Structure formats: structure tokens, C-alpha cells
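> Just the structure for this:
(one chain, ligands or ions: 1)
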Amino acid sequence: MTGPEGKAEKPRLTGMLGRTIRHNLARLRSWLNVKYYRFMGIKIGKGVFVSRHAHIDVRRGKISIGNDVHIGGGSYVLSHAGFRPTKEGEETVIEDHVRIFVNCVIFPGIRIGKNSIVGAGAVVMKDVPSNVVVLGNPARVIQNLEENP
Ligand SMILES: CC(C)(COP(=O)(O)OP(=O)(O)OC[C@H]1O[C@@H](n2cnc3c(N)ncnc32)[C@H](O)[C@@H]1OP(=O)(O)O)[C@@H](O)C(=O)NCCC(=O)NCCS
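As a prediction, this is how the structure comes out:
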């Protein structure tokens, strides 16, 4: 069978199999990432997905991640500023069911409330309430998910 450009189309079954393998490899990679970050002292709940190219700061400070959180590729969750000592009790907290899309930066000491979504490329420098979408640099609330689910 040929496609619109005259190239031979891959059989659908091969495509589906490829997707399933890629999906399961990503899950395996995330499972290993979560094990590694827990070993390094990060508190991480259940059902958390940490993409292959996501980074969680393990050098200094504290980070706590709730259940069913997804962290997309290229995103950084930071726990220390680098130019000043970590403040007493400072902790970066990502509550349950938060989605952090690709290439975000979560600053140290920030709390992201339950169910909130951090849009691709956002730089989060202030606490994010629950049930909102934040976008941009610096990240701002652009939608309340309770009003517009
Ligand atoms: C959070 C997100 C899902 C919101 O999508 P959405 O609700 O469909 O938003 P829309 O596409 O309707 O855009 C609404 C407005 O926000 C802007 N916008 C959308 N995403 C943006 C982003 N990441 N940063 C800055 N502005 C953004 C749009 O330009 C649009 O502005 P306008 O009203 O002036 O035209 C989307 O921003 C996002 O981050 N997608 C990335 C998904 C991803 O990372 N996938 C890989 C998963 S691992």
C-alpha cells in the first residue's frame, strides 16, 4: 500500500506495536527515575510520572511531590537558589494531581496546589493555588479550572 506521497505505508500493527513499546519504555524510565529520586531523598507519592529529560534538584534543600503528579521533559524542579543559603524550613512542594508540561522551571520554595496545570515553558516564581492553569515567564494564572473545568 502507498501513501499520498507514493511512499510505502507501514502496516498499522507495526505502528501500534512501536507506540506500545515506546509508551512502556517511557513508563519504565519514569519508574527508575522515581526510584532514583526517592533514593536521593526526594519525597514522592504514588503514580508519579517523571519524564526522561525532567530534572529534580537533589543537591540541597527539600522537595516533596504528591500523588499522581506528571513532570514533562526538560522541566526543572529546584530546591536551592545557588547564590544564597537555603532558608530554614524552605521546601518545594508539588501537591497531588499536578501536571507540569515540558520545559518548565519551578523555583525553590514554591508550592503548587492540587490539580493545577503548569503550561509548557512556564517559569514558576510564586506559589500557585489549587485548580488553576499557569502560563508564561513569570508564570501567571490564566484559568480557574473550578470555574471552567
Ligand atoms: C497548558 C496548556 C495545555 C493550555 O492549553 P489550552 O488551554 O489549549 O490553551 P490555548 O491553546 O487555548 O491558548 C490560550 C492562550 O494561551 C496562550 N498559550 C497557550 N499555551 C501557552 C504556553 N505554554 N505559554 C504561554 N502562552 C500559552 C495561547 O497563545 C493563547 O493565547 P491567546 O488567547 O492570546 O491566543 C498548554 O499551554 C500547554 O502547555 N501544552 C503543552 C502540552 C505538553 O507539554 N505536552 C507534552 C506532555 S508530556
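> from here on, contacts and neighbour counts on C-alpha atoms
OK.
> got the residue ranges for the helices in the chain?
12-39 (DSSP state H).
> residues touching the closest residue to the ligand within it, list them.
Proximity of the chain to the ligand (CA to the nearest ligand atom) peaks at residue 119, 3.2 Å away. Taking CA atoms under 8 Å, 6 or more residues apart in numbering as the criterion, residue 119 is in contact with 100, 101, 102, 104, 133, 134, 135, 136.
> And for the residue lying closest to residue 143 once chain neighbours are set aside, the neighbour number?
Leaving aside its sequence neighbours, residue 143 sits nearest to residue 133 (CA to CA, 6 or more residues apart in numbering; 5.1 Å). By other CA atoms under 10 Å, the residues close to residue 133 number 20.
> Tell me what residue 133 is bridged to.
residue 117, residue 143 (DSSP bridges).
> now it: how far from residue 56?
Distance of residue 133 to residue 56, computed by CA to CA, to the nearest Å: 21 Å.
> likewise residue 105?
From residue 105 across to residue 56, the span is 10 Å (CA to CA).
> With residue 87 instead?
As judged by CA to CA, residue 87 and residue 56 stand 19 Å apart.
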